[in-house]
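Pasting the sequence and the predicted model now:
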Amino acid sequence: MPDVTPHADITASDLHGRSYLLRFLYGPAGRTLTVPVVCLLWAGVQLGFFVALAAWEKALTPDQVPGGTSLVEDTTALGWYALLPGCFLLLHYSRVPLRGFLNRLPDLLEPTAPPGAHAELLAVARGAFSREQLTRPRLVFTAIGLALFAYNAVTNFFPDTFYHRSPKWDSVRFPVSYAAARLWVLFVWGYAVPVWATEVWAQLSALVRITRTMSGRGWLRIAPYAADGFGGLARLKSASAWVSSLVLVAGLFFLAPMLRLVIWHRPLHLGNYVGLGLYALCAAASAVGPVYLLHRALARKKVQMLGLLAVAFDRINGRAAPLVERGGVAELADAELGRALDTADRLRAQWASLPVWPLGVGFFLKALATVAPPLVAFLWQQYAARLVP
């Protein structure tokens, strides 16, 4: 049972785990320099270090690595230097709408909800970011990240086999760059990305658990006549859309190799196509996630209310039928059964008109973002093949 003792409003520190990286970014460093400045410095230090290293090993520009791949041509590495700090910056800002949504939950509660309902829901949200709840997803994401690290280490050890271009600036031909790049990739996929992915998982988990609790206990207030077309759940929709956008941003990690195809006309290899598939999964999850969250809340409440209105409709009909049979129209009007019948019928029509799948413009834009990049990569690959002999 969650702790339902009255709590103060939830704070930003309640909405992230306790990893060293997050405590550094959002703690002393973030308070001293601000989080955007820290992330910008992080990106600059990464980029500057590897540019200096590649220049020292004479693997920075295409003319220094003829027939191979220089750092300037490695758009995957260059993109990651900016994307990784950017993901943590967006994670920082994503806590603002989530915190606002959690602190304004009373606006979504039915008047019949118990006094401690908001405190219990905040306890559910805090629990989603507890060490106990984050351990399992963190281990899963770390295992996936280590598998990607191992693949990256092997591909750069045998660049001829996987990239069909040798040497490569971070291959074994340049041992110092190879060692430094592998340590950095280990940090990225073995630690930083699992930490980030676990936090996004916790945000989604908090939204799902809160929605499930409110819907299951009958606390969620849904207005079928609301102007937003989603039963008045626009706030829940915007909060979940923010979190799902983080998932879409994560997919950009796997789109970085496309720049190499577009700018340098270098063909994609097997790992890049696997990455495009992972991007499609991330983008699809970002599109379907908030829609499914609203669908569960709306569908359960819709079925419940239609059932109650059907019972009320039958009872009113049962009381009105004898009066109609006796011709007691005046008596029917005096009893206001006719008005009650009209009201029940109108409410039933309003609830029945709520969408089973509440699709908005954002869903279709994210769905387009899901299918467009892999298709563009395939078409450009065919075009680039004609340009490169």
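In hand now; what should we look at? Numbering: from 1, shown residues only.

distance of the residue lying closest to residue 14 once chain neighbours are set aside from residue 345?
On the basis of Cβ to Cβ, 6 or more residues apart in numbering, the spatially nearest residue to residue 14 that is not a chain neighbour turns out to be residue 126, at 5.3 Å. Where C-beta positions appear, they are placed from N, C-alpha and C, glycine not excepted. Remark: distance between residue 126 and residue 345 (Cβ to Cβ, to the nearest Å) = 44 Å.

and if you look at residue 142?
56 Å.

Check the average confidence over the helix or strand harbouring residue 350, would you?
When elements are assigned from DSSP states H and E, residue 350 belongs to helix 337-353. Over the span of helix 337-353, the pLDDT mean works out to 73.

Please shift the residue numbers so they start at 53 in all later answers.
That works, and once the first residue is 53, the last one we named lands at helix 389-405.

Put the alpha carbons of it into PDB.
These are the backbone C-alpha positions of helix 389-405, laid out as PDB (Å, rounded to 0.1, in the frame of the first residue of the first chain):
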ATOM      1  CA  LEU A 389     -40.100  11.200 -16.500                       C
ATOM      2  CA  GLY A 390     -40.000  12.400 -20.100                       C
ATOM      3  CA  ARG A 391     -37.400  15.000 -19.300                       C
ATOM      4  CA  ALA A 392     -35.300  12.400 -17.400                       C
ATOM      5  CA  LEU A 393     -35.600  10.100 -20.400                       C
ATOM      6  CA  ASP A 394     -34.400  12.800 -22.800                       C
ATOM      7  CA  THR A 395     -31.500  13.600 -20.400                       C
ATOM      8  CA  ALA A 396     -30.400  10.000 -20.200                       C
ATOM      9  CA  ASP A 397     -30.700   9.600 -23.900                       C
ATOM     10  CA  ARG A 398     -28.600  12.700 -24.500                       C
ATOM     11  CA  LEU A 399     -25.900  11.700 -22.100                       C
ATOM     12  CA  ARG A 400     -25.700   8.300 -23.600                       C
ATOM     13  CA  ALA A 401     -25.300   9.800 -27.100                       C
ATOM     14  CA  GLN A 402     -22.500  12.100 -25.700                       C
ATOM     15  CA  TRP A 403     -20.600   9.200 -24.100                       C
ATOM     16  CA  ALA A 404     -21.100   7.000 -27.200                       C
ATOM     17  CA  SER A 405     -19.600   9.800 -29.400                       C
END
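
just how off-centre is that helix within its chain?
On the basis of Cα atoms, centre = their mean, to the nearest Å, the separation between the geometric centre of helix 389-405 and that of its chain is 39 Å.

ok, back up a step: comparing residue 194 and residue 397, which shows the higher neighbour count?
Set side by side, residue 194 and residue 397 show more neighbours around residue 194, with 18 against 13, by other Cβ atoms under 10 Å.

What's the separation between the more buried one and residue 335?
Residue 194 sits at a distance of 23 Å from residue 335 (criterion: Cβ to Cβ).

residue ranges for the helices of the stretch 153-302 of the chain, please.
Along the stretch 153-302 of the chain, the segments classed as helices by DSSP state H, counting those that start in this stretch run 169-180, 183-209, 211-215, 227-239, 245-268, 286-303.
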